[in-house]
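Enquirer: Any chance you can model this:
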Amino acid sequence: MEMSLILHAALGLFPVLCFLGALLALDSYKLVRLPVVLAVIGLGGLAAGLAYLVNVFAITRVGLDFSQYARYVAPAVEEGCKALVILALMRSHRIGFLVDASVFGFAVGTGFAMIENLYYLNDLADASVGVWIVRGFGTAILHGGVQAIFAAMLLANTDRRGKMDVPAILPPLLVAVVVHSAFNHFVLPPVPQTMLVLAVLPPLMLWVFTRSEKAVESWIGQGFESDQQLLELLESGAFGESPAGQFLHELKAHFPGEVVADLVCMLRLHAELALRAKGVLMMRDNGIELPEDPQVREKFEEMRYIERNVGRTALRTIKPLLHMSRRDLWQLYMLGK
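Expert: This next block holds a predicted model:
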C-alpha cells in the first residue's frame, strides 16, 4: 500500500515539477530566482486552498449537480484564484517579460496542482495507475500551462494598453476558464485527452518562451544604448541644449529650482540603475554572476528621498523622461532584490 501511495504521489507531482524545472533551465538570463519560484509555488498552493473553500461554499448554492459544477463553475473559481497571484506579481512589478510571466504562471499552476493532487491522494487511494497518469500528465500540466498562458496574455494586453485594467484582465482570464472548462467536459477519453494536453500546451509554452528570450535580447541591446546615451548627455554638460533639458528648464516656471534640480538627479539615477540592470542580465546570459554593488542600495535610497521631496505632481511631470514603463520598473526591482 505504501509503495502504491508513493507511486501515485510521484505520478501526480513529478511531471509538473519537471516541466517547471525545464523552464527554469531554459531561462538563460535568470530573470527569476529559485527562491522566488518556490514562494510562488507556495502561493499557488494557497490559491488551491482558497478555491477549495469557495467551491465547498458555492456548490450547495448554485443549484447544479457535481458534474455540471465541475464543468461550468469550478474552472472559473480555480482560474480566478490562481489569477490573483499573477495579478499581485504584476502589480508589484515582479513580471517584466513573457519569460518570467510563463515561469511564474506555470509555478502558480504547479503549486495549485500539487495541493490538489495531495488532497486526492486520500480520496483516490484505490485508484489505478492510469488515473494518476492522467492527473499528473494531464490535469497538473493543464493547471500550470493554462495559468502560464493567462500570465503571458495579460502581460501582452498590459503592454498594449499601457495599464493593467479590467479590459486587459478579462480576455486572458476568459481564455483560461474556457480551456479549463473544455478539459473538464472530457469530450475525449481520459488518456487521449491527456495526450492532447501534452501535445499542445508544453510545445506552445516552449515556443512562446523561445520567442520571448529573443525579445529580451533585443530589448537589452536597444535599452542599453539609449540609457548610455542619456547618461553621457547628462555628464557632458550639453544636456541643457537637448529637448529633455529644455523641457526641464521650462519646468522652472512651475516648480522651485531645487525641485527641478532633484528631477535632473532622478533622471541620472534612473539611467545609472537601468544600465546596471541590463548589464546584470547580459552577464547572466554569459554565465557570470556579478557581485552586489553597495552603491546600488545608496542610489535607491537617494531615489526614494527625491520622490518624497519633490512630490507626486513633479514626478508625474517628469515621468515621460524617466521612461517608467512596466519593464523599467521591473528592471529596477530586479536590480534591487
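Enquirer: Residue 133 - nearest residue in space that isn't next to it in sequence?
Expert: The spatially closest residue to residue 133, leaving aside those adjacent along the chain, is residue 11, at 5.7 Å (CB to CB, 6 or more residues apart in numbering). For the C-beta atoms, the positions are set from N, CA and C on the backbone; glycine is no exception.
Enquirer: typed the wrong thing, it's residue 43
Expert: Excluding the flanking residues, the one nearest residue 43 by CB to CB, 6+ apart is residue 85, at 4.6 Å.
Enquirer: From the structure, what's the count of residues near the one you found?
Expert: Per other CB atoms under 10 Å, the neighbour tally for residue 85 reads 24.
Enquirer: how close does it sit to residue 282?
Expert: 30 Å (CB to CB, to the nearest Å).
Enquirer: before we move on, what about residue 164?
Expert: Using CB to CB, one gets 28 Å for the distance from residue 164 to residue 282.
Enquirer: do the same with residue 62
Expert: 53 Å.
Enquirer: which of the two has more neighbours?
Expert: Ranked by neighbour count (other CB under 10 Å), residue 62 and residue 282 place residue 282 first, with 16 against 10.
Enquirer: does that one belong to a helix or a strand, and which?
Expert: Take DSSP states H and E as the rule and residue 282 turns out to sit in helix 257-285.
Enquirer: what does residue 16 give?
Expert: Using DSSP H and E, residue 16 falls in helix 2-26.
Enquirer: Now do the contacts for residue 69.
Expert: 55, 58, 59, 62 (CB atoms under 8 Å, 6 or more residues apart in numbering).
Enquirer: let me redo that: residue 142
Expert: Contacts of residue 142 (CB under 8 Å, 6+ apart): 109, 179, 180, 183, 197, 201.
Enquirer: Which parts of the chain are strands?
Expert: Assigned by DSSP state E, the chain shows no strands.
Enquirer: and the residue sitting nearest the centre point of it, how far is that from residue 142?
Expert: Centroid-nearest residue in the chain, with CA atoms, centre = their mean: residue 101, separated by 3.3 Å. Separation of residue 101 from residue 142 (CB to CB) stands at 18 Å.
Enquirer: Residue 116 now?
Expert: 11 Å.
Enquirer: Which helix runs longest in this structure?
Expert: Longest helix of the chain, by residue count under DSSP state H: helix 190-236.
Enquirer: And that helix, what does it pack against?
Expert: In this structure, helix 190-236 packs against helix 2-26, helix 98-123, helix 129-134, helix 140-161, helix 257-285, with contacts taken as 3 or more CB pairs under 8 Å, 6 or more residues apart in numbering; DSSP states H and E.
Enquirer: Low-confidence ranges, this protein, go.
Expert: Applying pLDDT under 70 to the chain flags residues 1-3, 125, 221-223, 323-329, 331-332, 334-337.
Enquirer: Domain parsing of it, as residue ranges.
Expert: For the chain, automatic domain parsing gives the domain ranges 2-213, 237-336.
Enquirer: Centre of the chain to the longest one, how far?
Expert: Put plainly, it is domain 2-213. 13 Å (CA atoms, centre = their mean, to the nearest Å).
Enquirer: Quick check: residue 165 vs residue 81, distance?
Expert: Separation of residue 165 from residue 81 (CB to CB) stands at 20 Å.
Enquirer: Would you mind telling me which of these two has more residues around it?
Expert: residue 81 (22 against 11).
Enquirer: so that one makes contact with residue 52?
Expert: No. In terms of CB atoms under 8 Å, residue 81 does not count as a neighbour of residue 52; the distance is 9.2 Å.
Enquirer: list the residues that contact both of the two?
Expert: Between them, residue 81 and residue 52 share no contacting residue, judged by CB under 8 Å, 6+ apart.
Enquirer: Spatially nearest residue to residue 70, not counting backbone neighbours?
Expert: Using CB to CB, 6+ apart and skipping residues adjacent in sequence, the residue nearest residue 70 is residue 184, 5.2 Å away.
Enquirer: ok, and which of the domains of the chain has the densest surroundings?
Expert: A comparison of those by mean neighbour count, using mean count of other CB atoms under 10 Å, puts domain 2-213 on top with a mean of 18.
Enquirer: Tell me how far the residue of the chain most remote from its centre lies from residue 322.
Expert: Computed with CA atoms, centre = their mean, the residue of the chain farthest from its C-alpha average is residue 253, at 41.5 Å. Distance, residue 253 to residue 322, by CB to CB: 20 Å.
Enquirer: re the thing from before, redo the contacts of residue 142 as a markdown table? Include distance to residue 190.
Expert: Output for the contacts of residue 142, formatted as a markdown table (distance: CB to CB, whole Å):
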| residue | distance to residue 190 |
| --- | --- |
| 109 | 19 |
| 179 | 17 |
| 180 | 16 |
| 183 | 10 |
| 197 | 11 |
| 201 | 16 |
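Enquirer: re the thing from before, let's have the domains of the chain in a markdown table, adding distance to residue 225.
Expert: Listed next are the domains of the chain as a markdown table, based on distance: least, CB to CB, whole Å:
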| stretch | distance to residue 225 |
| --- | --- |
| domain 2-213 | 18 |
| domain 237-336 | 10 |
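Enquirer: To residue 230, which of those lies closest?
Expert: domain 237-336 (4.8 Å; CB to CB).
Enquirer: Relative to the whole chain's centre, how far out is that closest one?
Expert: 24 Å.
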